[in-house]
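>>> A structural model of the following input is requested.
(one chain, ligands or ions: 1)
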Amino acid sequence: MSMSSSDPSNLAPDHIRAIAPYQGGKPIAELAREMGLQVEDIVKLASNENPLGISPKADFAIQEALLDIARYPDGNSYVLREAVSQKFNVTPDQIVFGNGSNDILELAARAFLTPGCEAIYSQHAFAVYPLVTQATGATGVVVPAKNFSHDLSAMLAAITAKTRMIFVANPNNPTGTLLGKDELFYFLKQVPRQVLVVLDEAYDEYLSAANKSEAISWLAEFDNLIISRTFSKAYGLAGLRIGFGLCHVSIADMMNRVRQPFNVNSIAQAAAVASLADDDFVERSYALNQAGMMQLTQGFNKLGLKFIPSFANFISFTVKNAAEVNQKLLQNGVIVRPIANYEMPDYLRVSIGLFSENARFLEVLENILKSNQ
Ligand SMILES: *Cc1c(COP(=O)(O)O)cnc(C)c1O
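All right, here's what the predicted structure looks like:
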């Protein structure tokens, strides 16, 4: 074969080579190795995980499911499908299960995007939207944010004949901003029906009763709407990888055609069923998050640091020399998330943890800021 370079990455098409790899939160074990720290001395507030862990009911279900892992999982997630159907008042065939909700985003992209069409997302929106879009060869169209939030009218104005999909994160990560329900409903009314709207509601469980999404009740009106939900955040199952999409049956049918038959493992299915039956755990997670939100915002105010008011389980705050401050936090065993890759180089994102974890973060941060003066 004659190639201009022997680098085998040249064998991949240009649209794959152009993808910037996802930058996740640093794992605790990795920081421990790098800094020679004890795992117990490290606080990780970098991936919006649930500091309470998982529901005791899910824990029990996992132990039970472990006894049967020699068998393939149920490729249709029958029991979980029934549970989600009842809990969210949708028919079983309106549900698509994913290996995390990122899988749902990818299934939507793979089922509907092709080279030559466009997908729209906001500046500062979740990094997985460009990833799944670019992997299909479609063109990503980034719409500038307004006050760190999605500018829905600008997103509408960006629609062209080539637009096939719009991603909306509500609340958004890493900014924590929330779109009003009326605003979102009006937006959906304006979007042409040949454009799919993927509404990512990964943090819905962290919203107050008044703010909680009503989008599921809109599915009857908008057959171009795909809602994605996850068990990774308030349910605490991030390591098991499970999420789901809710949409029109015909959309679900298309997404299921590109889904791997056994994309959701049996332990995740069992844990998810048990988690849905434990409202108490979600309520405790919500309450802890509310208290932690107060603790951190008061801490930021005391330190004179600006932050973006958040509706999720993390807060992005701004600090001088953010990259250097992040490095010092790491040296002191505190992992937060630098978000320069979100075009926010002056910000760091901290996940809301246990009271003691938040306190440790604030204390270390205060010491760093003092020594920088
Ligand atoms: C964390 C997060 C998810 C969840 O991803 P999973 O694959 O379900 O773990 C989805 N969307 C956004 C915006 C997130 O921040």
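>>> Could you use CA atoms for every contact and neighbour count after this?
Will do.
>>> and the stretch 1-150 of the chain, which residues reach the ligand?
100, 101, 102, 126 (Cα under 6 Å from any ligand atom).
>>> okay, now residue 77: neighbour count?
20 (other Cα atoms under 10 Å).
>>> wait, isn't it in contact with residue 269?
Yes: here residue 77 reaches residue 269: they are 6.7 Å apart, a contact under Cα atoms under 8 Å.
>>> before we move on, the earlier item: need the max-distance pair from the residues of the stretch 1-150 of the chain next to the ligand.
100 and 126 (14.5 Å; Cα to Cα).
>>> related to what we said a few turns ago, now, which of the residues of the stretch 1-150 of the chain next to the ligand lie within helices?
Using DSSP state H, the members of these that fall in helices are 101, 102.
>>> As TSV, the residues of the stretch 1-150 of the chain next to the ligand with distance to residue 91 would be great.
Supplementary listing: these in TSV, determined by distance: Cα to Cα, whole Å:
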residue	distance to residue 91
100	21
101	19
102	22
126	28
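>>> Including pLDDT, distance to residue 151 and neighbour count, could the residues of the stretch 1-150 of the chain next to the ligand go into CSV?
Listed next are those as CSV, based on pLDDT from 0 to 100; distance: Cα to Cα, whole Å; neighbours: other Cα atoms under 10 Å:
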residue, pLDDT, distance to residue 151, neighbour count
100, 98, 27, 24
101, 98, 24, 24
102, 98, 23, 22
126, 96, 15, 19
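>>> From the residues of the stretch 1-150 of the chain next to the ligand, pick the one nearest residue 87.
Nearest member of these to residue 87, counting by Cα to Cα, is residue 101, at 17.7 Å.
>>> If we ignore the residues flanking it in sequence, what's nearest the closest one?
Spatial nearest neighbour of residue 101, excluding adjacent residues (Cα to Cα, 6 or more residues apart in numbering): residue 243 at 4.1 Å.
>>> The one you found: what's it in contact with?
For residue 243, the contact set (Cα atoms under 8 Å, 6 or more residues apart in numbering) comprises 97-104, 228-232.
>>> run the last query once more with 7 Å
Residues near residue 243 by Cα atoms under 7 Å, 6 or more residues apart in numbering: 97, 98, 99, 100, 101, 229, 230, 231.
>>> Was I right to think the second one contacts residue 261?
No: using Cα atoms under 7 Å, residue 98 makes no contact with residue 261, being 10.5 Å away.
>>> what about these two, which has more around it?
residue 98 (27 against 12).
>>> Let me see the contact set for the more buried one.
Counted by Cα under 7 Å, 6+ apart, residue 98 has contacts 104, 242, 243, 244, 263, 264.
>>> Phi and psi next, for it.
Taking degrees, to the nearest 10, you get phi -130, psi 160 for the backbone angles of residue 98.
>>> Roughly how far does it sit from residue 258?
11 Å (Cα to Cα, to the nearest Å).
>>> With residue 92 instead?
On the measure of Cα to Cα, residue 92 and residue 258 end up 18 Å apart.
>>> same check, this time on residue 175
Counting by Cα to Cα - residue 175 and residue 258 are separated by 31 Å.
>>> The two: which is more packed in?
residue 175 (28 against 14).
>>> My guess is that one contacts residue 147. True?
No: Residue 175 lies out of contact with residue 147 (Cα under 7 Å); the separation is 9.7 Å.
>>> those helices in the stretch 1-150 of the chain, which residues are they?
Under the criterion DSSP state H, counting those that start in this stretch, the stretch 1-150 of the chain contains helices at 14-17, 28-35, 56-66, 78-88, 101-112, 128-136.
>>> repeat for the stretch 201-350 of the chain
249-258, 266-276, 279-303, 322-331.
>>> Point out the most buried one among those.
Across the helices of the stretch 201-350 of the chain, averaging neighbours per residue (mean count of other Cα atoms under 10 Å) puts helix 266-276 on top, at a mean of 24.
>>> Does that one reach the ligand?
No: shown here: helix 266-276 not in contact with the ligand (Cα under 6 Å from any ligand atom), separated by at least 11.8 Å.
>>> quick check: angle from that helix to helix 56-66?
150 degrees (axes from the mean of the first three to the mean of the last three Cα atoms, to 10 degrees).
>>> What distance do you get for the residue nearest to residue 273 when sequence neighbours are not counted to residue 269?
Closest residue in space to residue 273, ignoring its immediate chain neighbours: residue 80 at 5.4 Å, by Cα to Cα, 6+ apart. For residue 80, the distance to residue 269 (Cα to Cα) stands at 6 Å.
>>> Repeat that for residue 111.
From residue 111 to residue 269 the distance is 23 Å (Cα to Cα).
>>> what do you get for residue 243?
Distance of residue 243 to residue 269, given as Cα to Cα: 10 Å.
>>> Please apply the same query to residue 338.
Counting by Cα to Cα, the gap from residue 338 to residue 269 is 33 Å.
>>> and what of residue 261?
14 Å.
>>> Residue 361 too?
34 Å.
>>> And residue 293, by the same measure?
Counting by Cα to Cα - residue 293 and residue 269 are separated by 31 Å.
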